[in-house]
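*Asks:* Provided below are the primary sequence and the corresponding predicted coordinates.
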Amino acid sequence: MNTETAPLYAPAPTWSGRNDGPGPEHARWHSTIRPIQQDSPAGVALLGFASDEGVERNGGRQGAAAGSAALRQALGGLAVHEPLSLFDAGTITTQGTDLEGAHAELSTRVQQLIDAGHLTIILGGGHETAFGSHLGLFNAQGPAQIINLDAHFDLRSESRPTSGTPFLQISELVGAESFDYSVLGISVPNNTTTLFATADKLGVHITVDEELAEMSVKESAQLARDLVNNSPHERIHLSIDMDVLPADQAPGVSAPAALGVSFDRIRAIAVAIASTGKLALVDVVEINPRFDQDNRTAKLGARLINDIAVAHYLTK
């Protein structure tokens, strides 16, 4: 990816969507969301992270850098039924191959947003997003529970950060005793024995895609609540890799899943976590608009973001 002429940080873009008239009875995301200000009241803050560098380093197919724009477009027309305080904090773009510099900028801005009391939702970008965002949460509030909805562990050991390394990086950042990591949706054929051994060494909770397929929607939500209740940490980082969904539901991802976990279960898990009142940070990553069909992957990501924001609001 060559973004050398693009700014590292761009302010909030102009939102658009269907307009049925003025007033809260016609409210949609595009008419409700506002650019973040220093004195904005605590609410839900979106921050884009336009990056393909981690995916490229990991040998994936390019296009995730456009994910944040696709999510904003899909969110724009969604109706707003609660008095949500919605803010757009702009977009960070990886400059050329400087993923490390983009991570530093991302962590700084996430820390600022969390310090200001916002539920911070990152619009990725490849899954390299998760290290930069978690670093910001860690700097703001210390160690946090991580729940990753993903077909992959992303615990690879590499000579430099990639979209496959973020959670091993986080384990090294926070230390083994504070590393509380769960992955729901793991595809056994798509993760090597070495990755399972690394997960075991780090005490990772694993629920594979086949187990989730056998659970009801309510059981999936209860699994999430049990994970939260059994964690020593008071804050949660929820990371959602859209490749956890079946390829027919989410074709527009960097690494489509042959089996995957159905959207109703993923949504139930995400809403259950948001309903605990402990959620501080969310990543929605690996949307690749180049391979999407009728924007269905972006629309599913937007629905998750919307429902997480509502569930979080209802805890207040």
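*Replies:* Thanks, I have it. Numbers count the residues shown, from 1 in each chain.
*Asks:* Which stretches in the protein count as helices?
*Replies:* Chain-ordered helices for the chain, with DSSP state H as the definition, fall at 29-32, 53-57, 67-76, 99-115, 129-141, 166-174, 193-201, 209-214, 217-229, 263-274, 296-314.
*Asks:* Quick one: list the elements packing against the last one.
*Replies:* Contact partners of helix 296-314 among helices and strands, from 3 or more CB pairs under 8 Å, 6 or more residues apart in numbering; DSSP states H and E: strand 44-50, helix 67-76, strand 119-124, strand 236-241, helix 263-274, strand 279-285. C-betas here are computed from N, CA, C, even on glycine.
*Asks:* re earlier: can you lay out the helices of the chain as TSV showing mean pLDDT?
*Replies:* Below are the helices of the chain laid out as TSV (pLDDT from 0 to 100):
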stretch	mean pLDDT
helix 29-32	98
helix 53-57	95
helix 67-76	98
helix 99-115	97
helix 129-141	98
helix 166-174	98
helix 193-201	98
helix 209-214	97
helix 217-229	98
helix 263-274	98
helix 296-314	98
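*Asks:* re the thing from before, of the helices and strands packed on helix 296-314, which is nearest Leu212?
*Replies:* With CB to CB as the criterion, Leu212 lies closest to helix 263-274 of the helices and strands packed on helix 296-314, at 5.6 Å.
*Asks:* roughly how far is the closest one from the heart of the chain?
*Replies:* Average the C-alpha atoms of helix 263-274, do the same for its chain, and the two points are 13 Å apart (CA atoms, centre = their mean, to the nearest Å).
*Asks:* hmm, who's touching that helix?
*Replies:* Here helix 263-274 makes contact (CB atoms under 8 Å, 6 or more residues apart in numbering) with 147, 149, 184-185, 212, 215, 217-218, 220-225, 228, 236, 238, 240, 244-245, 249-250, 279, 300, 303-304, 307-309, 311-312, 315.
*Asks:* Gln293 and Gly23, how far apart?
*Replies:* 35 Å (CB to CB, to the nearest Å).
*Asks:* go on, Thr194?
*Replies:* From Thr194 across to Gly23, the span is 57 Å (CB to CB).
*Asks:* So which of these two has more stuff around it?
*Replies:* Each of Thr194 and Gly23 has its neighbours counted (other CB atoms under 10 Å); Thr194 has more, 12 against 8.
*Asks:* So for Ile92, which of the helices and strands packed on helix 296-314 sits nearest?
*Replies:* That would be strand 44-50 among those, by CB to CB, at 5.3 Å.
*Asks:* Put together TSV for the helices of the chain, with distance to Gly43 on each row.
*Replies:* Shown next, in TSV, are the helices of the chain (distance: least, CB to CB, whole Å):
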stretch	distance to Gly43
helix 29-32	10
helix 53-57	29
helix 67-76	15
helix 99-115	10
helix 129-141	16
helix 166-174	26
helix 193-201	35
helix 209-214	31
helix 217-229	22
helix 263-274	14
helix 296-314	9
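*Asks:* Could you say which one of the ones you listed comes nearest to Phe153?
*Replies:* Across those, closest to Phe153 is helix 193-201 (CB to CB), at 4.8 Å.
*Asks:* Touching that closest one from outside, list them.
*Replies:* Under CB under 8 Å, 6+ apart, the answer for helix 193-201 is Phe153, Leu155, Arg156, Ser157, Leu168, Val183, Ile206.
*Asks:* Excluding chain neighbours, what is closest to the fifth one?
*Replies:* Which is Leu168. Distances taken as CB to CB, 6 or more residues apart in numbering place Leu155 nearest to Leu168, at 4.6 Å, with adjacent residues excluded.
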